[in-house]
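**Student:** model the following, please.
(chains A and B)
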Amino acid sequence: MLRYLIVLLDDTSTSFCHYTASNKEPNLISLDILRKAIRWAMTENLTIQFVYPSHELLDEWNETIETIDHVKIKPATAASTSDADVVVFEGLEAIDMPLSKRDVSIVIRTRMSDFLDKHDRLHKLLAQANRLNVVFTDVDSFADDDQKAYDEALASLSLVVKNEYVNNHPVQFNLLTDRIMLTEMNNCGAGDSTITLAPDGQFYVCPAFYYDADGYPVGNIEGRLDIPNKQLYRLQYAPICRRCDAYQCHRCIWLNRKTTLEVNTPSHEQCVVAHIERNASRRLLEAIRQEGEFMSGTEIEEIDYLDPFEIARP
Amino acid sequence: MSEESTKIKESEGTWQDGIAKTITFIVTKDCQLACKYCYLVGKNEQERMSWDIAKRAIDYIFDHESDFPEKSVIFDFIGGEPFLEIDLIDRICDYIKVELYKRQHHWFDSYRFSFSTNGINYHTDKVQAFIKKNASHLSIGITIDGTERKHNLNRIWKGEGPERGSYIDVVRNIPLWLEQFPGAGTKVTISSADIPYIKESVLHLYSLGIHEVNINVVFEDVWQDGDDALFEDQLMRLADAIIDGGYYESFACSFFNENIGKPLDPERENRNWCGAGKMLAIDSAGNFYPCTRFAAYSLRSKRPIIIGNVYDGIDKNKLRPFLTLDRLTQSPQKCIDCEVASGCAWCQGENYDAALSPTVYQRSTAICLMHKARVHANNYYWNRLFRKLELEGKREDFEKNKIDVKPEIC
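**Tutor:** Got it, this is the predicted structure:
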């Protein structure tokens, strides 16, 4: 069921996920389309997430945005992030910037190799932030040889996270704590619970489908939303994912399409990365419990595979 | 017909069915014929496989033996018309045999070369020499659609000028073919215009000495209003003719199968019908496909699905959707609830081509009414045949001897 509308306010709106918002010049959404988007969201009972560019918007746009309850996703390079609900940093270098407030959600987009080299830079942030999401921009090139290094990086960060929990700061860190908190799949939702409106007035399954040359629209704000084979975006129609318990996995619909040509089928790389995180979460849960009672009733089973494709073949 | 014989002839099935890897070489996209129902929309005379591409493909496959764990292999050669490239095929097969031996490959002595041909060049010296050289590892099917009238309705020579049917150019080679492959069967394809000729065509093929006739309706959405009723009527007439003529004892027609027309259990019977992805096809450019139906020349409206090439190998991520496909995930609710679902086939390539979005997960239901018509006639056939056997006191004997034939999986 559709619950969220993502509105890209400009062609240069920040990416907050795996895709890169590339090769676009500034092109602000028209006021007319913006107003129609807000009206449509109200009639459909949707929560809007506005995605901002670095440059400031004109007053009339800002005033229009404030006519509806919403979430602001802003790049860390924006002129002001004080009112942002989510702030996006590009790379681990950029996070030295001071955070304006503690309750903002932080997204860090990074290459896997940078993360493996520089994950220590997250220590300070884990102590400060309430919510930290690390998103890899090159999951599709994750090699089986990277598994050990990724596992070790997460083990190192687990020590920091464990101390935060012991010291009464239950930081949410997507790579390590989401799996502990979740009791069912909580994935990307593109095409199912979430739809994107681009500055061209067309709907896309997610922003990546707007920016990618192979992307395609699924209706427009003037007409109607029309997602062909809509069922394929739902978990029950994903043969690998519906059996999986890496509940924190992004299950990125765009990466699925890009790597396997099907929106409902994840790549080997996406599955392995998610399972290394799942297993690290399991060890973190055990480690926190050694310090005291924690999340009683929650268990993460030990499994002997990293790619659920191995158990999903009919 | 023998009075004592009560063993009913059933389809032989495919060699090493289910345990053999099928590797298809699309050696040419050219054909002498321009059959009206042919799904190959992009046939041409230019795209012929080179020896270099063929050798690279074989080397890749043999170099990656662990990726091909199947016990046996069927090397399939298709076109267009494969025998137009008999010199290349002969070289490929010689190379395969030598390499299997040199590498002590697990497919050594567990391989077969398979051909579906229009039969026109079957008698030529080069084809005959190839057959003699590889006789113990060969299966060849010649496509003949039935009577001259029925065959020539669709299977015509390509080129300008008045239509010219190919029946006489094919039928002259049937005796030689049956002499060399006595158990061979033929494939018949039924499109809308062919329906009135089904009965006479099957009986004609029997009269030519072909004991196994595998017939399919085309998967494409070509059917007209009323075709299902006409189809059912033809199959009922065919059923009567087979039973009254006693043909059931030594001839088989794939339309009639005891296992079709039953509901399918959603958990136990959730397998995909089609073998796309478990097969591998290679074209003249050296591209790999999950099946030939995903090559550009087979597709009307979608991009080809290329899963790799002879230079870079197979991208296993692109095989994942095919290898995890199941019946329920791709079927609309009406198919899941269908009370006569068993035996209702689909082609993954046609599903993809006809889908609303670029996916192999949308099952085309263009043959729905035709399947239901087939089920009616099939029920009639078995009820009538069993009653006849009971009255003749042969039913028990039949049940003891009958072969449990699984529905044919592509």
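
**Student:** CA atoms for contacts and neighbours, from now on please.
**Tutor:** Will do.

**Student:** can you pull the contacts of the residue in the stretch 301-410 of chain B that chain A sits nearest to?
**Tutor:** Nearest to chain A, among the residues of the stretch 301-410 of chain B, is B:K318, at 4.4 Å (CA to the nearest CA). Neighbouring residues of B:K318 by CA atoms under 8 Å, 6 or more residues apart in numbering or on different chains: A:259-261, B:307.

**Student:** nearest to B:N173, out of these: which one, please.
**Tutor:** Set against B:N173, the nearest of those by CA to CA is B:I307 (37.9 Å).

**Student:** quick check, that closest one in contact with B:P290.
**Tutor:** Yes: at 6.8 Å, B:I307 counts as touching B:P290 under the criterion of CA atoms under 8 Å.

**Student:** need the overlap of contacts for those two.
**Tutor:** Listed contacts common to B:I307 and B:P290 are B:L319; contacts here mean CA under 8 Å, 6+ apart.

**Student:** more neighbours, these two?
**Tutor:** Higher neighbour count among B:I307 and B:P290: B:P290, with 26 against 22, using other CA atoms under 10 Å in any protein chain shown.

**Student:** not counting sequence-adjacent ones, nearest residue to that one?
**Tutor:** Beyond its immediate neighbours in the sequence, the residue positioned closest to B:P290 (CA to CA, 6 or more residues apart in numbering or on different chains) is B:G277, lying 4.2 Å away.

**Student:** and the one you found, its phi and psi?
**Tutor:** Per-residue torsions, B:G277: phi 100, psi -30 (degrees, to the nearest 10).

**Student:** go on, A:A246?
**Tutor:** phi -80, psi 70.

**Student:** how many other residues sit next to it?
**Tutor:** Neighbours of A:A246 (other CA under 10 Å): 29.

**Student:** now it: how far from A:R278?
**Tutor:** Separation of A:A246 from A:R278 (CA to CA, to the nearest Å): 6 Å.

**Student:** mutual contacts of these two, please.
**Tutor:** Joint contacts of A:A246 and A:R278 (CA under 8 Å, 6+ apart) are A:R179.

**Student:** for chain B, give me its nearest residue in the stretch 151-300 of chain A.
**Tutor:** In the stretch 151-300 of chain A, the residue that lies nearest chain B is A:T260 (4.4 Å; CA to the nearest CA).

**Student:** still on that earlier bit, what's the burial count for the residue nearest to B:P290?
**Tutor:** 21.

**Student:** test my guess that it contacts B:C291.
**Tutor:** Yes: taking CA under 8 Å as the definition, B:G277 is a contact partner of B:C291 at 6.6 Å.

**Student:** near chain A, which residues of chain B are found?
**Tutor:** Counting by CA under 8 Å from any CA of the partner chain, chain B comes close to chain A at B:270-271, B:317-321, B:323-326, B:329, B:356-362.

**Student:** ok, of those residues, which come out buried?
**Tutor:** Among these, the ones that count as buried by 16 or more other CA atoms under 10 Å in any protein chain shown are B:270-271, B:317-321, B:323-326, B:329, B:357-362.

**Student:** tell me which residues of the longest helix seen in chain A are tucked away?
**Tutor:** The helix that spans the most residues within chain A, counting by DSSP state H, is helix A:268-289. Judged by neighbour count using 16+ other CA under 10 Å, the buried positions of helix A:268-289 are A:268-285, A:288.

**Student:** give me the residues contacting that helix.
**Tutor:** By CA under 8 Å, 6+ apart, helix A:268-289 touches A:139-143, A:147, A:150-151, A:154-155, A:158-159, A:162, A:165-166, A:175-177, A:179-180, A:246, A:248-249, A:251, A:294, A:299-302, A:306-309, B:317.

**Student:** avg pLDDT for it?
**Tutor:** Across helix A:268-289, the average pLDDT comes to 98.

**Student:** burial measure for residue 209, as a count.
**Tutor:** If you meant another chain, say so; for now it's chain A. By the criterion of other CA under 10 Å, A:F209 has 21 neighbours.

**Student:** actually it's chain B I care about, not the one you picked
**Tutor:** Counted with other CA under 10 Å, B:G209 comes out at 18.

**Student:** quick one: the strands in chain B?
**Tutor:** B:20-26, B:72-78, B:111-117, B:138-142, B:185-190, B:212-217, B:252-253, B:280-282, B:287-289, B:308-309, B:313-314 (DSSP state E).

**Student:** okay, the ones you listed in a markdown table with mean pLDDT next?
**Tutor:** As requested, the strands of chain B are exported to a markdown table (pLDDT from 0 to 100):
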| stretch | mean pLDDT |
| --- | --- |
| strand B:20-26 | 96 |
| strand B:72-78 | 96 |
| strand B:111-117 | 95 |
| strand B:138-142 | 94 |
| strand B:185-190 | 88 |
| strand B:212-217 | 91 |
| strand B:252-253 | 92 |
| strand B:280-282 | 98 |
| strand B:287-289 | 98 |
| strand B:308-309 | 98 |
| strand B:313-314 | 98 |
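
**Student:** tabulate those (TSV), appending distance to A:T20 and mean neighbour count.
**Tutor:** Converted to TSV, these look like this (distance: least, CA to CA, whole Å; neighbours: other CA atoms under 10 Å in any protein chain shown):
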stretch	distance to A:T20	mean neighbour count
strand B:20-26	39	24
strand B:72-78	43	23
strand B:111-117	48	22
strand B:138-142	52	20
strand B:185-190	49	20
strand B:212-217	47	20
strand B:252-253	57	24
strand B:280-282	34	26
strand B:287-289	29	24
strand B:308-309	25	20
strand B:313-314	27	18
